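Undergrad: A structural model of the following input is requested.
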Amino acid sequence: MTHKRNTIPMVNSTRCGAKTRKGLPCKSPAVHGKKRCRMHGGAEGSGAPVGNKNALKSGFHTKEAIEKRKQLNKMIKSFRKSLEELT
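TA: Numbers count the residues shown, from 1 in each chain. Model prediction:
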């Protein structure tokens with residue numbers, strides 16, 4: 001075979017937005033109409049079903065819990081600052 005392969009569409013396609021284990025961006029092309037490649041969740045049927053309640057187990061990552069932790073950390077920093085000023 002001496003014909004030339006048409007690789008231009010593959011080269012010009014959008015890349016997956018995920019990061020690899022090394023922290024580098026994934027080099028695979030994204031699935032048509034999605035932002036991820038087939039290995040990072042762009043494949044048909046991947047991901048949790050709509051209305052999945054299994055993801056809400058502890059409540060640790062809810063908006064309310066995160067906001068409470070931020071407020072608590074802010075209070076701790078102010079208490080430490082006050083203690084440093086006293087000593």
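Undergrad: what sits opposite the nearest residue to Lys27 once chain neighbours are set aside in the beta ladder?
TA: Distance criterion CB to CB, 6 or more residues apart in numbering; nearest residue to Lys27, sequence neighbours excluded, is Arg15 at 6.5 Å. No exception for glycine: its C-beta is placed from N, CA and C like everyone else's. Under the criterion DSSP bridges, Arg15 forms beta bridges with Pro29.
Undergrad: ditto for the one 10 residues further on
TA: With DSSP bridges applied, Pro25 shows beta-bridge pairing to Lys19.
Undergrad: wait, doesn't it sit right on Arg36?
TA: No: in this structure, Pro25 is not within contact of Arg36 by CB atoms under 8 Å, at 11.6 Å.
Undergrad: Give the buried residues for stretch 19-26.
TA: Within stretch 19-26, the residues scored as buried using 16 or more other CB atoms under 10 Å are Cys26.
Undergrad: Show the end-to-end separation of that stretch, please.
TA: Terminal residues of stretch 19-26 lie 5 Å apart, using CA to CA, to the nearest Å.
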